[in-house]
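Chemist: Okay, here's the prediction I keep looking at, along with the sequence it came from:
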Amino acid sequence: MASKSMAIRVYADTSVYGGVFDREFQQPSRQFFSLVRAGRFELVASALVEDELAYAPKDVRHWFDQMQDVTDRVVISTDAIRLRRAYLAAGIVTAKSLTDALHVAIASVSGCSLIVSWNFKHIVHFEKVPLYNAANVLHRWPELEIRSPAEVIEDDQDE
């Protein structure tokens, strides 16, 4: 088991919890959470994830609740709100995607080196990732790896 200091600090947005019960995303989502339990990743969640899950199916909310013993809960800080504003001002996303931008901002200001999401339109998008990171650097926040769970799980089939 990886030690806490070796674990990669990772923010999982709401879509990853829902992915556990989605046929298309189930296997990599479950494998991601298994790696969290094994100590490979230090899981981070915010009140934003919890608020969005209030409208999710019961099994998704239950999964989120079961992960709380290995989750670092972070607040939605004023720094995150400011960074979200910077993303909007830079045109990375529109006002329709405020929560998506806030997920990225929370991960950025909470010391995460990685955010995982199944949102390929507003978060894990090849044109948006460098823009988020440019805004982070401009506002003195570290760059952030932005990936889908499928990109961060270990593939045992190659061995």
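Modeler: That came in fine, so what should we check first?

Chemist: Low-confidence bits of this protein, can you list those?
Modeler: For the chain, applying pLDDT under 70 flags the ranges 1-5, 155-159.

Chemist: what about 80?
Modeler: 1-5, 154-159 (pLDDT under 80).

Chemist: Strands of that one, start to end?
Modeler: Remark: strands assigned in the chain by DSSP state E are 8-12, 41-46, 71-74, 114-116, 145-147.

Chemist: which strands and helices sit next to the first one?
Modeler: To tie it back to what came earlier, the one meant is strand 8-12. Here strand 8-12 touches strand 41-46, helix 98-109, strand 114-116, going by 3 or more C-beta pairs under 8 Å, 6 or more residues apart in numbering; DSSP states H and E. The C-beta positions use only the backbone N, C-alpha and C, and glycine is treated the same way.

Chemist: Let's have those in JSON lines, adding distance to A134 and mean neighbour count.
Modeler: What follows is the helices and strands packed on strand 8-12, written out as JSON lines (distance: least, C-beta to C-beta, whole Å; neighbours: other C-beta atoms under 10 Å):
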{"stretch": "strand 41-46", "distance to A134": "23", "mean neighbour count": "23"}
{"stretch": "helix 98-109", "distance to A134": "12", "mean neighbour count": "25"}
{"stretch": "strand 114-116", "distance to A134": "16", "mean neighbour count": "24"}
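
Chemist: sorry, back to before: using JSON lines, lay out the strands of the chain together with distance to A135.
Modeler: Output for the strands of the chain, formatted as JSON lines (distance: least, C-beta to C-beta, whole Å):
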{"stretch": "strand 8-12", "distance to A135": "17"}
{"stretch": "strand 41-46", "distance to A135": "19"}
{"stretch": "strand 71-74", "distance to A135": "19"}
{"stretch": "strand 114-116", "distance to A135": "14"}
{"stretch": "strand 145-147", "distance to A135": "12"}
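
Chemist: quick one: which of these is nearest F64?
Modeler: F64 lies closest to strand 41-46 among the strands of the chain, at 7.6 Å (C-beta to C-beta).
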